[in-house]
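>>> give me the fold of what follows.
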Amino acid sequence: MSMTTPARLTAAERREQLLQIALTVFAQRGYHTTSMNDIADAAGVTKPVLYQHFDSKRALYIAVLDAVGSNMIHAITSATKSVPTGKAQTAAGMVAYFEWLSSDPNAFTLLFGGGTRRDEEFAIVARNVEKAVAELIAPLIEAGVDADYQRMVAHALIGMSEGVARHLIQRHEPFDAHIVGEQLASLAWAGLRAVGRKPE
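Numbering: from 1, shown residues only. Purely as a prediction, here's the structure:
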């Protein structure tokens, strides 16, 4: 009886696998207390194999941050690109964000956690992700205001979502991403309708 040998991973597949495992290990242990040996052991590969894909632990961490940010942006973009109205886009984007959070809280912890923000090189990557999301959201704010105001409001929405995400993670309890996203979208939309109005 012949045995089928499992297909060997391509270089791209191996790199993706290593990024996913590194994400989990870094999120659980932190950057400074994680070694390349820890990640290689968790992945079931030798350290030389890990170094074939990433020059250093710092390079690996940055690659993980980039991948996490790209995944989050892709989730929001995919959810909002075919939605016709601003209100529906707000809801779709919020739901997509919390679905991303629910599917991989480690990704949020890594991208928005204190360990990343305390290192300037890592913090730049995180800020670039926030900037990209703000640029994605800003055009949806159709309130007759200028681009700077749009971006400011977009960053406010990001901050609000991030605060709720931290609260949900700290509770260590399951949550319904659709319900949370819809609830926060209702709050956000109520505020967006007032953007551009002069205070009474």
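>>> counting neighbours, what do you get for residue 109?
As a burial measure, the neighbour count of residue 109 was computed by other CB atoms under 10 Å and equals 22. To be clear about C-beta, it is placed using only N, CA and C from the backbone, and glycine gets the same treatment.
>>> so, low pLDDT: which residues of the chain?
By pLDDT under 70, the weakly predicted segments of the chain are 1-7, 141-145, 192-200.
>>> one more time with 50, if that's ok
When residues are selected by pLDDT under 50, those of the chain lie in 1-6, 198-200.
>>> what ranges does it have for its helices?
11-29, 36-43, 47-53, 57-80, 86-103, 105-112, 114-117, 120-137, 147-171, 177-194 (DSSP state H).
>>> who are the packing partners of the second one?
With contacts defined as 3 or more CB pairs under 8 Å, 6 or more residues apart in numbering; DSSP states H and E, the secondary structure elements packing on helix 36-43 are helix 11-29, helix 47-53, helix 57-80.
>>> same check, this time on the fourth one
Using 3+ CB pairs under 8 Å, 6+ apart, the elements in contact with helix 57-80 are helix 11-29, helix 36-43, helix 86-103, helix 105-112, helix 120-137.
>>> would you mind writing the CA trace of the third one as PDB?
Provided in PDB are the C-alpha atoms of helix 86-103 (Å, rounded to 0.1, in the frame of the first residue of the first chain):
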ATOM      1  CA  GLY A  86     -22.900  56.500   3.400                       C
ATOM      2  CA  LYS A  87     -24.900  55.100   6.300                       C
ATOM      3  CA  ALA A  88     -24.700  51.500   4.900                       C
ATOM      4  CA  GLN A  89     -21.000  51.900   4.300                       C
ATOM      5  CA  THR A  90     -20.400  53.100   7.900                       C
ATOM      6  CA  ALA A  91     -22.300  50.000   9.200                       C
ATOM      7  CA  ALA A  92     -20.500  47.600   6.800                       C
ATOM      8  CA  GLY A  93     -17.100  49.000   7.700                       C
ATOM      9  CA  MET A  94     -17.800  48.800  11.400                       C
ATOM     10  CA  VAL A  95     -19.100  45.300  11.200                       C
ATOM     11  CA  ALA A  96     -16.100  44.200   9.100                       C
ATOM     12  CA  TYR A  97     -13.700  45.800  11.600                       C
ATOM     13  CA  PHE A  98     -15.200  43.900  14.600                       C
ATOM     14  CA  GLU A  99     -15.400  40.700  12.600                       C
ATOM     15  CA  TRP A 100     -11.700  41.100  12.000                       C
ATOM     16  CA  LEU A 101     -11.200  41.600  15.700                       C
ATOM     17  CA  SER A 102     -13.300  38.600  16.600                       C
ATOM     18  CA  SER A 103     -11.600  36.300  14.200                       C
END
